[in-house]
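In: Structure of the sequence below:
(chains A and B)
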Protein chains: 2
Amino acid sequence: MYTASQLLETVNQHLSSLNYSRPPQGLYDPIEYVLSLGGKRIRPVLLLMAYNLYKQDVNKALAPATAIEVYHNCTLLHDDLMDRAEVRRGKPVVHSVWDENTAILSGDAMLILAYHYLAQSPGQYLQEVLNLFNQTALEICEGQQMDMEFERRYNVTVEEYLEMIRLKTAVLLAASLKIGALLGGASAADAQLLYDFGIHIGVAFQLQDDWLDVYGDPKVFGKKIGGDICCNKKTFMLIKAIERAEDVQKVQIEEWIGAKDFDEDEKIAVFTDLYNQLGVRKIAEQEMDECYIKAMDCLDKVSVPNENKQMLKKVVAELMNRKI
Amino acid sequence: MYTASQLLETVNQHLSSLNYSRPPQGLYDPIEYVLSLGGKRIRPVLLLMAYNLYKQDVNKALAPATAIEVYHNCTLLHDDLMDRAEVRRGKPVVHSVWDENTAILSGDAMLILAYHYLAQSPGQYLQEVLNLFNQTALEICEGQQMDMEFERRYNVTVEEYLEMIRLKTAVLLAASLKIGALLGGASAADAQLLYDFGIHIGVAFQLQDDWLDVYGDPKVFGKKIGGDICCNKKTFMLIKAIERAEDVQKVQIEEWIGAKDFDEDEKIAVFTDLYNQLGVRKIAEQEMDECYIKAMDCLDKVSVPNENKQMLKKVVAELMNRKI
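Out: Next up, the predicted model:
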């Protein structure tokens, strides 16, 4: 069994061995740029870990692992353009360094490159892996569409929100794990259990991200605390608060959401207070716990020796700041 | 053997049987819209014709034929956004009816849907078909990038232009034919000959499009005559004219290209005169003839009975306004 950090090293070495120094540079330079920005590479690492539950020669799963990471970065590139974001991983985004057309076309090329790497999956698994990838990528488009629509709606329900983050975030983690399992020769039952494990973990990650925006340690959390609050992002916290607010609090929330000029720290303090008063902090923590427990239940049922699962448990616990 | 119009009917029926009435509508409605705008469906028809050279049951190749048409419409959607076009097939483009983000995301979903249909190719051919499609789609991105870069350059050579139209236009016709041939069980040699046939035909089509912009019959040509001239599009005609112009004519061309306010009809008349004077009309016609002859040479070498090739010859001759 490989450790997560060994697999991360393998993934990073492989990614930096890909060479996009080719003409037309206006198309390929942005791809090289995006892939060199780093990141946790959690999806390809999970793919290799799932593969490694069944087989040792993880190099054989490197091409599909690369496909997942290239695809993920393609979605970030297009999402950042659609969200008019300016910074990604501490660096200016592609549509700022180059222009919007470059972000569109280089993103398209990255999506095609993802399929290029995916096509290197062993022939016997190709159709199944391709079908799962297609379904997943389409679901991620649906999730992004829902996310954009939620920006213009005040009445998003918790159920709608959970479905959106399942589509936008969780299915890619789940598909990474399932593809790794399939390529490793897992049974259909095991592959599905690892998929479900990925869904629950993915939802838990996103809920944690929402929670950290309010309660995170500024020294540890990569982004500015309260960023979601300032831009009225419909997070689990905000939706739950609106759901539970009394009339007076509802008016307060609506006023702050409608305010154009405001003191950021004041707005953050108001919403943090509201979340505490309304018990939203606790509810979010309970929801995360439930997801985490469901995930571990799935993993427990996977029919490989328990000691083989420790690596996967460890990496997920670390990402969720938990002890195992 | 099926006629081209029978195959067109099959393609159109199949395309209208696809149902994109599903949530989220903001994602899928634009896809339904784009696919309902019609078009000649030349690529899927060529795929089915190539298949039909070898096999009769063309329904088995309908899914990959659909993949090619959905992919082609995805490139039109993103290209129209990048080119800030307003009308496609007489209807407002997606980024006008909806918005830019919709054009980006629905285009991405169409690219994924193309792979969804492609994945329905019979397993034994899937890897080869997928690899060819990936290579082709990446080349089309390269062609679009070159086309955008040419807008900002005055010194584009004929060789560069021919390479650009090979990538942007010809490779998809070629890949359609080759995929049809492969699925039909053609030999590698036949599949390659049909690919090369498609390349020459594709280049000839684009050269004809350039020529028709100047010399076409306004009643027959779908677009406004002189559109390329007015917007300084680096067509074969313009590049060849710049190459062959004497100093005085070069100055004249540069002045007209730099002019902000001008009478469109006057500009069209000036360039048409220049093309006639410089022999560019004849050169373009010769270039088209050469491509057409090369294409027919390739088709002649394909090892199926001559009478089976008549349908393909006929449809290409019609598209090139030629008699066979």
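In: C-alpha from now on. contacts and neighbour counts both.
Out: OK.
In: Near residue A:261, how many other residues are there?
Out: 7 (other Cα atoms under 10 Å in any protein chain shown).
In: That one should be in a helix, yeah?
Out: No. Looking at residue A:261 with DSSP: H, G, I helix; E, B strand; the rest coil, it is coil, so not inside a helix.
In: Do stretch A:94-109 and chain B come into contact?
Out: Yes. Using Cα under 8 Å from any Cα of the partner chain as the criterion, contacts between stretch A:94-109 and chain B involve A:101, A:104, A:105, A:108, A:109.
In: need the contact list for the fourth one.
Out: By Cα atoms under 8 Å, 6 or more residues apart in numbering or on different chains, the contact list for residue A:108 reads A:74, B:108, B:141.
In: nearest to residue A:44, of those residues?
Out: Among these, residue A:74 lies closest to residue A:44 (Cα to Cα), at 14.4 Å.
In: so the residue lying closest to the closest one once chain neighbours are set aside, which of the three states?
Out: Nearest non-adjacent residue to residue A:74, counting by Cα to Cα, 6 or more residues apart in numbering or on different chains: residue A:107, 5.1 Å away. In three-state terms, and counting by three-state DSSP, residue A:107 is helix.
In: Roughly how far does residue A:288 sit from residue A:213?
Out: To residue A:213, residue A:288 is 15 Å away according to Cα to Cα, to the nearest Å.
In: Next: residue A:88.
Out: With Cα to Cα as the criterion, residue A:88 and residue A:213 are 17 Å apart.
In: on that earlier part again, could I get the residues of stretch A:94-109 next to chain B in CSV, plus columns for pLDDT?
Out: Supplementary listing: the residues of stretch A:94-109 next to chain B in CSV, determined by pLDDT from 0 to 100:
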residue, pLDDT
A:101, 97
A:104, 98
A:105, 98
A:108, 98
A:109, 98
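In: for chain B, what are the nearby residues on the stretch 1-150 of chain A?
Out: Residues of the stretch 1-150 of chain A lying near chain B by Cα under 8 Å from any Cα: A:24, A:26-27, A:78, A:82, A:101, A:104-105, A:108-109, A:112-113, A:115-116, A:119, A:123, A:126-127, A:130-131, A:134-135, A:137-138, A:141-142, A:145-146.
In: let's see it at 6 Å
Out: A:82, A:101, A:109, A:116, A:134, A:138 (Cα under 6 Å from any Cα of the partner chain).
In: if we can go back for a sec, let me have the residues of stretch A:94-109 next to chain B in TSV, adding distance to residue A:263 as columns.
Out: Listed next are the residues of stretch A:94-109 next to chain B as TSV, based on distance: Cα to Cα, whole Å:
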residue	distance to residue A:263
A:101	35
A:104	35
A:105	39
A:108	40
A:109	42
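In: and those residues, which two are the farthest apart?
Out: Every pair of the residues of stretch A:94-109 next to chain B checked by Cα to Cα; the farthest is A:101 and A:109, at 12.3 Å.
In: And the average pLDDT for the stretch of helix or strand residue A:213 belongs to is what?
Out: Residue A:213 belongs to helix A:188-215 when assigned by DSSP states H and E. What helix A:188-215 shows for mean pLDDT is 97.
In: in that helix, what counts as buried?
Out: Judged by neighbour count using 16 or more other Cα atoms under 10 Å in any protein chain shown, the buried positions of helix A:188-215 are A:190-214.
In: and if you look at stretch A:123-132?
Out: A:126, A:127, A:129, A:130, A:131, A:132.
In: Pipe these into CSV and attach pLDDT and secondary structure per row.
Out: Shown next, in CSV, are the buried residues of stretch A:123-132 (pLDDT from 0 to 100; DSSP: H, G, I helix; E, B strand; the rest coil):
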residue, pLDDT, secondary structure
A:126, 97, helix
A:127, 97, helix
A:129, 98, helix
A:130, 98, helix
A:131, 98, helix
A:132, 98, helix
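In: any chance of the residues you listed in TSV, with distance to residue A:54 too?
Out: What follows is the buried residues of stretch A:123-132, written out as TSV (distance: Cα to Cα, whole Å):
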residue	distance to residue A:54
A:126	18
A:127	20
A:129	17
A:130	20
A:131	22
A:132	20
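In: ranges for the strands of chain A?
Out: Remark: strands assigned in chain A by DSSP state E are A:87-88, A:91-92.
In: Could you report the pLDDT at residue A:172?
Out: 98.
In: Repeat that for residue A:223.
Out: So residue A:223 comes in at 74 (pLDDT).
In: how far away is it from residue A:169?
Out: Residue A:223 is 18 Å from residue A:169, by Cα to Cα.
In: what do you get for residue A:135?
Out: Separation of residue A:135 from residue A:169 (Cα to Cα) stands at 14 Å.
In: and if you look at residue A:39?
Out: 15 Å.
In: if you skip the residues just before and after it, what's nearest to residue A:96?
Out: Nearest to residue A:96 is residue A:86, by Cα to Cα, 6+ apart, at 6.9 Å.
In: how many other residues sit next to residue A:99?
Out: In terms of burial, residue A:99 registers 12 neighbours under the definition other Cα under 10 Å.
In: so what's the backbone phi/psi at it?
Out: The phi/psi pair for residue A:99 (degrees, to the nearest 10) reads phi -150, psi -180.
In: Return the per-residue confidence for the residue lying farthest from the centre of chain A.
Out: Residue farthest from the centre of chain A, counting by Cα atoms, centre = their mean, is residue A:248 at 35.5 Å. On pLDDT, residue A:248 comes in at 95.
In: Over to residue A:321?
Out: pLDDT, read off for residue A:321, is 83.
In: ok, it - contacts?
Out: Listed by Cα atoms under 6 Å, 6 or more residues apart in numbering or on different chains, residue A:321 has no contact partners.
In: if I look at it, how far off is chain B?
Out: Between residue A:321 and chain B the computed distance is 34 Å (Cα to the nearest Cα, to the nearest Å).
In: who touches residue A:143 in this structure?
Out: Counting by Cα under 6 Å, 6+ apart, residue A:143 makes contact with A:164, A:167, A:168.
In: show me the contacts for the second one.
Out: Taking Cα under 6 Å, 6+ apart as the definition of contact, the neighbours of residue A:167 are A:139, A:140, A:143.
In: Not counting its neighbours along the chain, what's nearest it?
Out: residue A:143 (4.7 Å).
In: Kindly report the same for the last one.
Out: In this structure, residue A:168 finds its nearest non-sequential neighbour in residue A:143, 4.2 Å apart by Cα to Cα, 6+ apart.
In: Contacts only, for residue A:106.
Out: Residue A:106 makes contacts with residue A:27, as judged by Cα under 6 Å, 6+ apart.
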